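**Student:** Sequence first, predicted model second:
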Amino acid sequence: MTISAKTGLPHWETVPADMPSAIKEIKAALRSRIAESGRTVPEVITEIEEFLAAEVADIKATKSRGEEVWPVIEYDDIENQTVSESALALLKRRGCAVIRGHFDHAEAEKWDADVVHYVDSNHFFDKYTGPADDFFSDLEMSKPEIYPIYWSSAQMEARQHPRMAKAQSFLNSQWRHESEGRTWFDPNRDSLYPDRIRRRPRGADSGGLGTHLDPGTLDLWMTEGYQQHFRHLFAGDFASYDPWDAGFRTEAAQYPGSTMCSAFRTFQGWTALSEMNNDQGVLHTVPIPKAMAYLMLRPLLDDVAEDDMCGVKLNRSFPANSTWHPILMEAVSCIPSVQPGDSVWWHCDMIHSVAPVTNQQGWGNVMYIPSAPWCNKNAEYAKSVLAAFLAGKSPSDFPAEDYEVDWPNRFTEADLNEIGRRGLGLED
């Protein structure tokens, strides 16, 4: 441990040898820092809770009127730069959106069929050994039907599609990519972060996935870059905290583990490959981007053990639950029903879950494709992504299952367009 010259806080750029002691030390330092503002931690928490109560009330009122909580934006409006000011304001307030008609319905269904052919032609299920990570082991429900496949033509075609690039640029533009005299990322270039696919069949029973978020774990409090990112919160200044300011987080150190995403994502996302009604085990979020303030400061209250961060642990997903965050659980809201070719997006710090379902009606198939703009962190990760792509291996953020190494019909370098080549760092 050293004291940062930039933040004045103790920080650990690698995992502390004695984590319980480190947690106690950083909590004491943060309480002292907030006290320097002339306010107490409970006073700051009360301010945050009052803000959250108003947002929760608005979400409940929206539902009671029979309206969608999630903003819905037509892709054509993104393409034509005709998204209304009210829609933009709601996107910033809710931190999530469905993009209708992002891809042609028939094209999405073709991708769905191509995925089936890809796994079947390579006898995937004869070799599949089951989930190889414990990312969700501490959550309340079961794992969804995730296939550890990354390099199918369907996935790569979608990642490097001009319509994907246009949507990602639009989403990135909701963030402040310049602040503190620095440029943190390029909003118009994506790093093609590779992720998996989900195929949940008709008639499936799924326990879903409990409420959680994915930006990191204990490194969010303990590393210098994240301390700079959350500088306003850690000074007790909730009003100045902007969840849309990328400042410092594109360079912040992260603790290794199967829960770590090595890239900076402005939005997590997936593209629908099948029709999904919103009562069939779909994504839910707590659509309040600024709720992250509560998650970061809640562990500082006296009802939390001194060596605990409300259950946040290394190598586990960041939990959000009724034990520590009951006010937030009141705001959990499902996506609208979607069609093949629609895409679904949520702020990278947003609490989300997947609802359980019994005897699912219809398929529940998606490709996970986020918005991960080009920045120092993503450029570095792109080097390992390129190596994995060329070898047909699993990306380094995921378990080394490497099912596709010998698959002859995976996507190749010769199939890349300019967007794909730039996203993998093959050209500027």
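**Tutor:** Everything's here; your move.
**Student:** Tell me where the stretch 1-150 of the chain has helices.
**Tutor:** 19-35, 41-64, 75-80, 85-94, 105-121, 124-127 (DSSP state H, counting those that start in this stretch).
**Student:** next one: the stretch 151-300 of the chain
**Tutor:** 153-159, 162-172, 219-222, 224-229, 231-234, 292-297.
**Student:** Deepest-packed of these, please.
**Tutor:** Highest mean neighbour count of these: helix 219-222, a mean of 25 (counted as mean count of other Cβ atoms under 10 Å). The C-beta positions use only the backbone N, C-alpha and C, and glycine is treated the same way.
**Student:** what packs against that helix?
**Tutor:** helix 19-35, helix 224-229 (3 or more Cβ pairs under 8 Å, 6 or more residues apart in numbering; DSSP states H and E).
**Student:** neighbouring contacts of it?
**Tutor:** 11-12, 16, 22, 26, 30, 226-227, 230, 252-255, 296, 309 (Cβ atoms under 8 Å, 6 or more residues apart in numbering).
**Student:** Residue ranges in the stretch 51-200 of the chain under the pLDDT threshold?
**Tutor:** 132-144 (pLDDT under 70).
**Student:** can you count the residues close to residue 33?
**Tutor:** 18 (other Cβ atoms under 10 Å).
**Student:** how far away is the closest residue in space to it that isn't next to it in sequence from residue 182?
**Tutor:** Nearest residue to residue 33, sequence neighbours excluded (Cβ to Cβ, 6 or more residues apart in numbering): residue 234, at 5.6 Å. Residue 234 is 19 Å from residue 182, where distance means Cβ to Cβ, to the nearest Å.
**Student:** and if you look at residue 54?
**Tutor:** Distance from residue 54 to residue 182, by Cβ to Cβ: 33 Å.
**Student:** do the same with residue 213
**Tutor:** Residue 213 is 25 Å from residue 182, by Cβ to Cβ.
**Student:** quick one, which of those two is more surrounded?
**Tutor:** For residue 213 versus residue 182, neighbours defined as other Cβ under 10 Å are more numerous around residue 213 (24 against 12).
**Student:** Just give me how far stretch 232-244 sits from the chain centre.
**Tutor:** 21 Å (Cα atoms, centre = their mean, to the nearest Å).
**Student:** let me redo that: stretch 3-16
**Tutor:** So, by Cα atoms, centre = their mean, the centroid of stretch 3-16 is 25 Å from its chain's centroid.
**Student:** Tell me the buried residues in it?
**Tutor:** 7, 9, 10, 11, 12, 13, 16 (16 or more other Cβ atoms under 10 Å).
**Student:** what's the residue lying closest to residue 249 once chain neighbours are set aside in contact with, if anything?
**Tutor:** With Cβ to Cβ, 6+ apart as the criterion, residue 249 has its nearest non-adjacent residue at 4.4 Å, and that residue is residue 229. By Cβ under 8 Å, 6+ apart, the contact list for residue 229 reads 247, 248, 249, 252.
**Student:** switch to 10 Å and redo it
**Tutor:** Neighbour list for residue 229: 184, 215, 220, 223, 241, 245-252 [criterion: Cβ atoms under 10 Å, 6 or more residues apart in numbering].
**Student:** Tell me how many other residues crowd residue 257.
**Tutor:** Around residue 257 there are 17 residues (other Cβ under 10 Å).
**Student:** can you tell me how far residue 28 sits from residue 150?
**Tutor:** Distance of residue 28 to residue 150, given as Cβ to Cβ: 43 Å.
**Student:** wait, I meant residue 115
**Tutor:** 12 Å.
**Student:** so residue 200 makes contact with residue 356?
**Tutor:** No - Residue 200 lies out of contact with residue 356 (Cβ atoms under 10 Å); the separation is 11.6 Å.
**Student:** out of the two, which sits in the more crowded spot?
**Tutor:** Each of residue 200 and residue 356 has its neighbours counted (other Cβ under 10 Å); residue 200 has more, 23 against 15.
**Student:** give the contact list for that one.
**Tutor:** 144-146, 206, 274, 276, 280-281, 354, 357, 360, 362-366.
**Student:** Kindly report the same for residue 390.
**Tutor:** Residue 390 neighbours (Cβ under 10 Å, 6+ apart): 151, 412, 413, 424.
**Student:** Please report which of these has the highest neighbour count.
**Tutor:** Most surrounded of the contacts of residue 390: other Cβ under 10 Å gives residue 151, at 24 neighbours.
**Student:** do you know how far that one is from residue 160?
**Tutor:** Residue 151 is 12 Å from residue 160, by Cβ to Cβ.
**Student:** cool, and residue 3?
**Tutor:** 45 Å.
**Student:** Residue 109 now?
**Tutor:** From residue 109 to residue 160 the distance is 19 Å (Cβ to Cβ).
**Student:** Repeat that for residue 57.
**Tutor:** 43 Å.
**Student:** Neighbour count for the two, which is higher?
**Tutor:** Neighbours per residue, other Cβ under 10 Å: of residue 57 and residue 160, the larger number sits with residue 160, 22 against 12.
**Student:** So that one is in contact with residue 417, correct?
**Tutor:** Yes - the pair residue 160 / residue 417 is scored as a contact, 5.4 Å apart, by Cβ under 10 Å.
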